[in-house]
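**Q** need a 3D model of the sequence below.
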Amino acid sequence: MSVDFSNLSSMDAFDILGVHPNSSENEIRSAYLRLALQYHPDKMERNGTSADLNGAVNANGITIDPNVYFVKINEAWKALSDEKTRESLIVARLAAKKIDNLELNCEILPLSDFEQTPGGDFSRLCRCGGTFEVSCLCP
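**A** Below is the predicted model of the structure:
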């Protein structure tokens, strides 16, 4: 399987390794090893492949250093080899898919419409009967 790195900035770990979110650990490992061997900077220089990739331009017109491919492959492996991180990425992917298909009808409320909690967060009663809370993650 060939991986298209032309839009690297919008690719998640699954896209980079060319695996499906339901892939087994062995399938993910195999994909990583295959790509790591293929795009390893030393091997690319020996085979002259880096010359083919040198100056490659992504979808945003930005020239990509061939070593970036290898770094991204390693980052993707690191993320997907950790079970908790892999689960988080699956959830994020599903959420992004739902948001893409979601039509939002919302209004912007001023902060004065919220009550400040003792912890410094803000809350407001929601139309559904629940509470809408906004947390401030300021240092």
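**Q** name the surrounding residues that touch the host helix or strand of Glu27.
**A** According to DSSP states H and E, Glu27 maps onto helix 25-39. Outside of helix 25-39, the residues within contact range by Cβ atoms under 8 Å, 6 or more residues apart in numbering are 1, 3, 17-19, 23, 43, 66, 69-70, 73-74, 76-77, 80-81. Every residue, glycine included, has its C-beta placed from N, CA and C.
**Q** which parts of this structure are strands?
**A** Counting by DSSP state E, one finds strands in the chain at the ranges 56-57, 63-64, 115-116, 122-125, 131-134.
**Q** redo these as a markdown table? Include mean neighbour count, mean pLDDT and distance to Glu87.
**A** Compiled in a markdown table, the strands of the chain are given as follows (neighbours: other Cβ atoms under 10 Å; pLDDT from 0 to 100; distance: least, Cβ to Cβ, whole Å):
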| stretch | mean neighbour count | mean pLDDT | distance to Glu87 |
| --- | --- | --- | --- |
| strand 56-57 | 13 | 49 | 32 |
| strand 63-64 | 14 | 55 | 29 |
| strand 115-116 | 12 | 84 | 34 |
| strand 122-125 | 14 | 83 | 29 |
| strand 131-134 | 12 | 77 | 24 |
